[in-house]
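Undergrad: could you look at this predicted model? Sequence included:
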Amino acid sequence: MAKPSFFITTPIYYVNAKPHLGTAYSTVLCDVEARYRRATGYDVKFLTGMDEHGEKVAEAAAAHGMTPQEWCDSQAPFFKDLWRQLEISNDDFIRTTEQRQHDAVQYLWERMKESGYLYKGSYDGWYCVPEETYFTETQVTKSDEEHHTEGQHLCPDCGRPLERVQEESYFFKLSAFQDRLLKLYDEHPDFVQPDFRMNEVRSFVEGGLQDLSVSRTSFDWGIPVPFDEKHVTYVWFDALLNYMTAVGYGVDTPEAKAELAYRWPAQYHVVGKDIIRFHCVIWPAMLMAIGEALPEHVFAHGFLMVRNEETGQGEKMSKSRGNAIAPQDVIDLLGVEGYRYYFMTDVVPGEDGAISFSRMEQVYNADLANSWGNLVSRALNMSAKYFDGKTPELADGWADEQNPLREIAQGIEGRYAEHMDKLEYVQAKDVVMELVHAANHYVEDMAPWTVAKDFTRIGELAHIIANLLESIRICAHLLAPFMPETSAEVLRRMGAGDEVGTTDLASVCEWGRLVGGVEVTKGDALFPRLQKK
Ligand code: ME8
């Protein structure tokens, strides 16, 4: 039977700056889910990419003396290289300056025109370039005199000065969708996750919706409107469509139509809380207007903040505050796998997370060096030492015997999956670490080194080591979405390398699949302990 599709997307990032900890956070978050879904039998499409149009990117290009296209081309490698380094397993990388996006956006314009939800008018209001967002007079706040010229208009979201825009523009009749959006939220309460974000979206829509200007004439770095070439597409109208472009929207071939039917709607758009309105209000309304299916879920994660060690409070990361942390700084400290583990299991995805180097070291040492890494190394060393470089030979029925590890491992995949299905990675990690901790305690309780002194107890020793290795094998599979390379290495070291890349996680996690009498490799420490600097 064909595998079910699972289509998951990151936001496409503006190329005004290099990828940073925040953009990497969303991307790793999706990667973990994509890997988990592949392991549970889905045919995954994991999409990420770059948002290349708009004023912000055009300004960045000009500041570097390049054309916008040259600038975007020069930035693409920074994104692609960091994603490769962070083991991001995306299946596609879309750039909005590609021909496929140009064609899809022009196709969208034609469908919008037919829909009756498009009209020509003129926009007279405020625009925030850093956020690429329109604001009405009533939404903007006046600056306080201390920080800005009196009367200057500031962005209500980011606080930076706004630009006055007066131009001819096409409008999308967003105001016509209020009732339909509210009905969507009522009928699909999990459309926006986590649920407290849904309340935010709902009250925004209840407050009334304004029609949205979706083309620009005072500026030209965008996709031309096919029936009115002096207009270019508003960058968000362009950007949101990337999700459908990547699965064949607007392409008139049987293959593309089949791809679209198979892949769309997406199961998850993962975004930061800053762009919820675009994804939970504007995007579904656009899709309703053109009669396309809506994505199943939008998962909005919080923002990474830097913990101020003096106040204990999380602060916004910024170059001007001098507290920005570069991905490379964290990779240098924790390694790539430690990086992924830290951000994915110590920051609650829905909430803002205060991060710090001291917390990173603490989590790495406690969970990876002292618990997981230590367990693997002890068990493999003992197996090699007591069983001639191999896993113990297993007696028939060995796996049916009761022991505390088997008890925890039973049904573990189901408990873990309940959380992984909802991107609840902290809880999913707790499920796995319970077994890791229990296995470390088991080593102490069973004291295999004492048992090994008495050759009449060799059968007992084989059981102890087998129980440990079996727990490790299962944990390696469950940790693989977070730390793919380490898990693959652990499985290889214990002679279970053929299980790497499973697509049937539930059955490989059944207790009792350990293979006896195969060679083990001791290897170097997986997570050398970090010393306090
Ligand atoms: O908004 N913590 O692009 P963008 C966590 N092009 N995540 C963060 C973060 C932080 N401190 N800072 C940024 C855009 N992010 C549009 C998207 S999608 C059709 C178009 C992440 O480059 C988070 O996912 O400004 C946020 O939503 C995204 O980067 C914004 O990236």
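TA: Thanks, I have it.
Undergrad: residues from the stretch 1-150 of the chain in reach of the ligand?
TA: 11, 12, 13, 14, 22, 23, 25, 26, 51 (Cβ under 6 Å from any ligand atom). (C-beta placed from N, C-alpha, C; glycine too.)
Undergrad: list the residues that contact the first one.
TA: Residue 11 makes contacts with 23, 26, 51, 269, 270, 271, 272, 275, as judged by Cβ atoms under 8 Å, 6 or more residues apart in numbering.
Undergrad: parallel or antiparallel, which strands does the helix or strand hosting the fifth one pair with?
TA: Residue 270 belongs to strand 268-272 when assigned by DSSP states H and E. Strands that pair with strand 268-272, judged by DSSP bridges, come out as strand 5-14 (parallel), strand 297-301 (parallel).
Undergrad: now it: how far from the chain's centre is it?
TA: Distance, stretch centre to chain centre, for strand 268-272: 7 Å (Cα atoms, centre = their mean, to the nearest Å).
Undergrad: pLDDT wise, what is the residue in the stretch 1-150 of the chain that the ligand sits nearest to at?
TA: The ligand sits closest to residue 22 of the stretch 1-150 of the chain, with a gap of 2.2 Å, by Cβ to the nearest ligand atom. For residue 22, the model assigns a pLDDT of 94.
Undergrad: circling back to that earlier point, closest one of the residues of the stretch 1-150 of the chain next to the ligand to residue 208?
TA: Among these, residue 11 lies closest to residue 208 (Cβ to Cβ), at 26.2 Å.
Undergrad: just to revisit the earlier point, over to the residue of the stretch 1-150 of the chain closest to the ligand: give its phi and psi.
TA: Dihedral pair for residue 22: phi -70, psi -50, per degrees, to the nearest 10.
Undergrad: residues in contact with it?
TA: 272, 303, 304, 317.
Undergrad: ok, and which of those residues reach the ligand?
TA: Checking those against the ligand (Cβ under 6 Å from any ligand atom), the matches are 272, 303, 304, 317.
Undergrad: most neighbours of all the residues you listed, which one?
TA: For the ones next to the ligand among the contacts of residue 22, the largest number of neighbours (other Cβ atoms under 10 Å) sits with residue 304, at 22 neighbours.
Undergrad: tell me which helix or strand of this structure sits lowest on mean pLDDT?
TA: Ranked by mean pLDDT, DSSP states H and E, the weakest helix or strand in the chain is strand 141-142, scoring a mean of 66.
Undergrad: any idea which helix or strand comes after that strand?
TA: That would be, after strand 141-142 and using DSSP H and E, strand 153-154.
Undergrad: packing partners of that following strand?
TA: When contacts are defined as 3 or more Cβ pairs under 8 Å, 6 or more residues apart in numbering; DSSP states H and E, strand 153-154 packs onto strand 141-142.
Undergrad: hmm, try it at 10 Å
TA: Of the remaining helices and strands, those touching strand 153-154 by 3 or more Cβ pairs under 10 Å, 6 or more residues apart in numbering; DSSP states H and E are strand 118-128, strand 141-142.
Undergrad: ranking those strands by burial, who's on top?
TA: For the helices and strands packed on strand 153-154, the largest average neighbour count (mean count of other Cβ atoms under 10 Å) is found in strand 118-128, namely a mean of 17.
Undergrad: can you list the residues that contact the following helix or strand past that strand?
TA: Using DSSP H and E, the helix or strand that follows strand 118-128 in sequence is strand 133-135. Strand 133-135 is contacted from outside by 123, 125-128, 139, 141, 153-158, 162, 165, 169, 210, 212-214, 234-236, 275, 277-278, using Cβ atoms under 10 Å, 6 or more residues apart in numbering.
Undergrad: quickly find the element holding residue 47.
TA: Residue-wise, residue 47 maps onto strand 43-51 under DSSP H and E.
Undergrad: tell me the gap between that strand and the middle of its chain.
TA: For strand 43-51 - counting by Cα atoms, centre = their mean - the centre lies 11 Å from the chain centre.
Undergrad: coming back round to it: quick one: the strand holding residue 270 to strand 43-51, angle?
TA: 30 degrees (axes from the mean of the first three to the mean of the last three Cα atoms, to 10 degrees).
Undergrad: check which helices and strands the helix or strand just after strand 268-272 sits against.
TA: Downstream of strand 268-272, the first helix or strand assigned by DSSP H and E is helix 276-277. Applying 3+ Cβ pairs under 10 Å, 6+ apart, one finds that helix 276-277 contacts helix 195-206.
Undergrad: per-residue confidence for the nearest residue in space to residue 468 that is not next to it in sequence?
TA: Of all residues not flanking residue 468 in the chain, residue 379 sits nearest, at 4.2 Å (Cβ to Cβ, 6 or more residues apart in numbering). With respect to pLDDT, residue 379 scores 98.
Undergrad: just for the protein, where's the confidence low?
TA: For the chain, the stretches with pLDDT under 70 are 1, 141-151, 319-320, 533.
Undergrad: what parts of it come near the ligand?
TA: So the chain meets the ligand at 11-14, 22-23, 25-26, 51, 239-240, 242, 271-272, 274-275, 303-304, 317 (Cβ under 6 Å from any ligand atom).
Undergrad: residue 236 contacts residue 55, correct?
TA: No - here residue 236 does not reach residue 55: they are 11.9 Å apart, not a contact under Cβ atoms under 10 Å.
Undergrad: what sits in contact with each of those two?
TA: residue 132.
Undergrad: ranges for the strands of the stretch 201-350 of the chain?
TA: Using DSSP state E, counting those that start in this stretch, the strands of the stretch 201-350 of the chain run over 212-213, 215-216, 224-225, 228-233, 268-272, 297-301, 304-307, 314-316.
Undergrad: closest to residue 512 out of those?
TA: strand 268-272 (33.7 Å).
Undergrad: export that closest one as CSV, just CAs?
TA: Extracted in CSV, the C-alpha atoms of strand 268-272 (Å, rounded to 0.1, in the frame of the first residue of the first chain):
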residue,chain,number,x,y,z
TYR,A,268,2.1,21.2,9.4
HIS,A,269,3.2,24.7,8.8
VAL,A,270,5.7,25.4,11.6
VAL,A,271,6.2,29.1,12.2
GLY,A,272,7.3,31.5,14.9
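Undergrad: point me to the residue of the stretch 101-250 of the chain nearest the ligand.
TA: Counting by Cβ to the nearest ligand atom, the stretch 101-250 of the chain gets nearest to the ligand through residue 239 (3.9 Å).
Undergrad: wait, the stretch 251-400 of the chain
TA: For the stretch 251-400 of the chain, Cβ to the nearest ligand atom, closest residue to the ligand: residue 272, 2.5 Å.
Undergrad: just checking, that residue touches residue 298?
TA: No - using Cβ under 10 Å, residue 272 is not in contact with residue 298; the gap is 11.1 Å.
Undergrad: ok, back up a step: name only those of the contacts of residue 11 that count as buried.
TA: Neighbour counting with 16 or more other Cβ atoms under 10 Å marks 23, 26, 51, 269, 270, 271, 272, 275 as buried within the contacts of residue 11.
Undergrad: hey, where'd the helices end up in the stretch 301-450 of the chain?
TA: 327-346, 357-363, 374-386, 404-409, 412-420, 425-446, 448-451 (DSSP state H, counting those that start in this stretch).
Undergrad: would JSON lines of those with mean neighbour count be doable?
TA: Shown next, in JSON lines, are the helices of the stretch 301-450 of the chain (neighbours: other Cβ atoms under 10 Å):
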{"stretch": "helix 327-346", "mean neighbour count": "20"}
{"stretch": "helix 357-363", "mean neighbour count": "17"}
{"stretch": "helix 374-386", "mean neighbour count": "20"}
{"stretch": "helix 404-409", "mean neighbour count": "18"}
{"stretch": "helix 412-420", "mean neighbour count": "19"}
{"stretch": "helix 425-446", "mean neighbour count": "18"}
{"stretch": "helix 448-451", "mean neighbour count": "15"}
